[in-house]
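Engineer: What would the 3D arrangement of this be:
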Amino acid sequence: MGIVIEESGEQFGPFKHENFFYIEKSKFYDNGAKGLKTVEFVLVDSKKTNLVLVEAKTSAPNVNNPGSVNDVENYILDIERKFYHSLASTVGLVTGRHKDYVAEFPENMKSIKYKDIKIILYLVITSFKEEWLSDWKDLLNRELSGFKRAWNIDEIYVLNTNLAKEMKLIV
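Structural biologist: Numbering: from 1, shown residues only. Purely as a prediction, here's the structure:
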């Protein structure tokens, strides 16, 4: 089998130990990352061609409700910080900038050619209906365009439980 974790009411996995970094529950996060916000976990595929960051939420504000503008802006800021801090922390760990925590970092993530890897970002909103996803996907890709350009990321994907199951992120 592999590693299975529970986040936002869903079972994510199974993932191979050597490909999986549970950043949110890591010693690095507990001791060395005070003040950082992180995604749930980081994965590398078995071919070491994709680095995947996954943030899971149970809900999100309605992007089409004018009364929730502040909620939407705060939500976007939170998601951006989590992706940014997690990606920067991953690079910091793999380059040895956090020597005390390198041992807990998965082997397959240590040996990646980071200059060649594709970075994939997933926001999984477990309770969402499929018709609500495209509004959030469009909004995040537009609002985080600078972050995407800085890291050469093609797209941010927004999934619900059903799509995450199809992507083999959820059992």
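
Engineer: Could you check the longest helix seen in the chain and say which residues are buried?
Structural biologist: Determined from DSSP state H, the single longest helix within the chain is helix 69-94. Buried residues in helix 69-94, counting neighbours by 16 or more other C-beta atoms under 10 Å, are found at 72, 75-76, 79-80, 82-87, 89-90, 93-94. No exception for glycine: its C-beta is placed from N, CA and C like everyone else's.

Engineer: packing partners for it?
Structural biologist: Here helix 69-94 is seen to pack against strand 50-57, helix 107-110, strand 118-125, helix 130-143, helix 145-151 when contacts are counted using 3 or more C-beta pairs under 8 Å, 6 or more residues apart in numbering; DSSP states H and E.

Engineer: Show residues contacting the second one.
Structural biologist: With C-beta atoms under 8 Å, 6 or more residues apart in numbering as the contact definition, helix 107-110 has outside contacts at 16, 18-19, 21, 42, 44, 46, 48, 51, 90, 93-94, 102.

Engineer: For residue 100, give me the pLDDT.
Structural biologist: The pLDDT attached to residue 100 in the predicted structure is 85.

Engineer: do residue 32 as well
Structural biologist: 67.

Engineer: mind showing which ranges of this protein have poor pLDDT?
Structural biologist: Segments of the chain classed as low confidence (criterion: pLDDT under 70) are 32.

Engineer: one more time with 80, if that's ok
Structural biologist: Under the criterion of pLDDT under 80, the regions of the chain flagged as low confidence span 1, 32-34.

Engineer: ok, back up a step: with distance to residue 115 added, can I get the contacts of helix 107-110 in CSV?
Structural biologist: Supplementary listing: the contacts of helix 107-110 in CSV, determined by distance: C-beta to C-beta, whole Å:
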residue, distance to residue 115
16, 23
18, 21
19, 19
21, 19
42, 18
44, 14
46, 20
48, 12
51, 12
90, 14
93, 17
94, 12
102, 20
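
Engineer: Weed out the non-buried ones from those.
Structural biologist: By neighbour count, with 16+ other C-beta under 10 Å, the contacts of helix 107-110 hold 16, 19, 21, 42, 44, 48, 51, 90, 93, 94 as buried.
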